[in-house]
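Engineer: only geometry, no sequence info:
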């Protein structure tokens with residue numbers, strides 16, 4: 001008489017023999033041969049790893065179909081999550097997102113920029129707020145690229161310091177969704 005372990009081995013051989021039927025089942029649900037193959041291979045691995053869940057009187061084929069159905073559901077969950085992440089990333093790259101972000105930025109930033117010394121104000125307005133590169137700024141101001149980079153760095157530090165003193169905690173959060181005293185005035 002066959003023991004339970006031998007019966008499982010015979011059952012897993014029958015799963016391998018039904019490979020094409022399982023692939024057909026998966027192709028109907030995911031619409032792609034490569035994805036169906038991937039899901040099937042993962043399901044085989046899961047079946048081997050969780051063979052203890054198979055009860056002696058259960059049909060191994062019915063049990064495996066449950067694994068396949070769950071794998072298809074998991075596939076669509078992952079795909080939905082991945083697509084949502086891609087859509088959010090694409091939205092962040094769009095010009096309208098930049099305009100939305102600019103609208104949320106604290107109005108104090110513009111006031112603080114106006115209070116900067118002229119050399120710092122100019123570098124911020126032309127590089128950070130304008131469309132000029134550090135290299136082109138250096139050329140038009142007859143200075144080295146390194147000098148222009150240092151000036152930009154110092155200007156940014158001056159803005160950060162001034163915003164922290166003016167706006168407090170709001171500035172620590174990059175002045176997004178501004179709630180400081182100055183913005184309410």
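Structural biologist: Everything's here; your move. Just so it is clear, the model here is predicted, and its values are computed rather than measured.
Engineer: tell me which residues of stretch 23-41 come out buried.
Structural biologist: 25-27, 29-30, 35-36, 39-40 (16 or more other CB atoms under 10 Å). Using the backbone N, CA and C atoms, a C-beta is placed for each residue, glycine as well.
Engineer: among these, which are in helices?
Structural biologist: 25-27, 29-30, 35-36, 39-40 (DSSP state H).
Engineer: from those, which is closest to residue 153?
Structural biologist: residue 35 (48.6 Å; CB to CB).
Engineer: any idea which helix or strand carries the residue lying closest to the closest one once chain neighbours are set aside?
Structural biologist: The shortest distance from residue 35 to any non-neighbouring residue, by CB to CB, 6 or more residues apart in numbering, is to residue 75 (7.0 Å). Applying DSSP states H and E as the criterion places residue 75 in helix 60-93.
Engineer: packing partners of that helix?
Structural biologist: helix 4-17, helix 19-30, helix 33-49 (3 or more CB pairs under 8 Å, 6 or more residues apart in numbering; DSSP states H and E).
Engineer: residue 152 and residue 15, how far apart?
Structural biologist: 64 Å (CB to CB, to the nearest Å).
Engineer: and what of residue 142?
Structural biologist: 76 Å.
Engineer: higher neighbour count, those two?
Structural biologist: residue 15 (18 against 7; other CB atoms under 10 Å).
Engineer: ok, the more buried one to residue 127 distance?
Structural biologist: Distance from residue 15 to residue 127, by CB to CB: 63 Å.
Engineer: what's the spatially closest residue to residue 23 that is not a sequence neighbour in contact with, if anything?
Structural biologist: Closest residue to residue 23 apart from its sequence neighbours, by CB to CB, 6+ apart: residue 36 at 5.4 Å. The contact partners of residue 36, by CB atoms under 8 Å, 6 or more residues apart in numbering, come to 23, 26-27, 30.
Engineer: turn the residues you listed into CSV, including distance to residue 160.
Structural biologist: Output for those, formatted as CSV (distance: CB to CB, whole Å):
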residue, distance to residue 160
23, 59
26, 55
27, 56
30, 50
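Engineer: gap between the host helix or strand of residue 151 and the chain center?
Structural biologist: Residue 151 is part of helix 145-167, with elements assigned from DSSP H and E. Its chain's C-alpha centre and that of helix 145-167 lie 30 Å apart, by CA atoms, centre = their mean, to the nearest Å.
Engineer: on contacts alone, who are the packing partners of it?
Structural biologist: Packing partners of helix 145-167 (3+ CB pairs under 8 Å, 6+ apart): helix 108-115, helix 118-123, helix 134-140, helix 169-172, helix 181-184.
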